[in-house]
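Participant: just need the structure, nothing else, for what follows:
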Amino acid sequence: MNKDESSGSASVDSQLLELQKEYVASLPARLVPVMASWQCCVDSNYAADLLQEVYRAVHAIAGTSSMLNVTPVNELSNKAQELIHGLMAADDMDAERLLDLGKTLKTLESVILAGKVKAPPINLHG
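Facilitator: Sure thing, here's the model as predicted:
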């Protein structure tokens, strides 16, 4: 790698680090629609359309968290998505899966609000 490539890599690395910091700082605000959608879903006795809203809200966090290597938010939000997919595919609402989804979302909320979020550097250089 020559000097120009090295400085370009450093610039990309610093930009990614800044994106990670900004994203982590925005997580409490991004969590609000997730938890609000979940509460509406619970209040409705788990209406399918409201469960889909929970999925959309979680999906918004899951994708960016995975891309930016934000842990454990990426693992928890992906787990929530998988649980919702399973619920949506089932003929009826599985009480155990609903309980697991509620616990997963509560853990996600706790992690974010307690600041237990990590964003290890993204290694684009292999």
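
Participant: nearest residue to S44 in space, please, no chain neighbours.
Facilitator: Spatial nearest neighbour of S44, chain neighbours left out: L50 (5.1 Å); criterion: CB to CB, 6 or more residues apart in numbering. Every residue, glycine included, has its C-beta placed from N, CA and C.

Participant: hang on, that neighbour packs against A36?
Facilitator: No. At 10.6 Å, L50 does not count as touching A36 under the criterion of CB atoms under 8 Å.

Participant: on that earlier part again, list the contacts of the helix or strand hosting the residue nearest to S44.
Facilitator: Secondary structure from DSSP states H and E places L50 in helix 48-67. With CB atoms under 8 Å, 6 or more residues apart in numbering as the test, helix 48-67 has contacts from 23, 27, 30-31, 33-34, 36-38, 40-41, 44, 70-71, 73-74, 77-78, 80-81, 84-85, 87-88, 105, 108.

Participant: so where's this protein shaky on pLDDT?
Facilitator: For the chain, applying pLDDT under 70 flags the ranges 1-9, 125-126.

Participant: helix 48-67 and the longest helix along it, what's the angle between them?
Facilitator: The longest helix of the chain (DSSP state H) is helix 3-43. Going by axes from the mean of the first three to the mean of the last three CA atoms, to 10 degrees, helix 3-43 is angled at 160 degrees with respect to helix 48-67.
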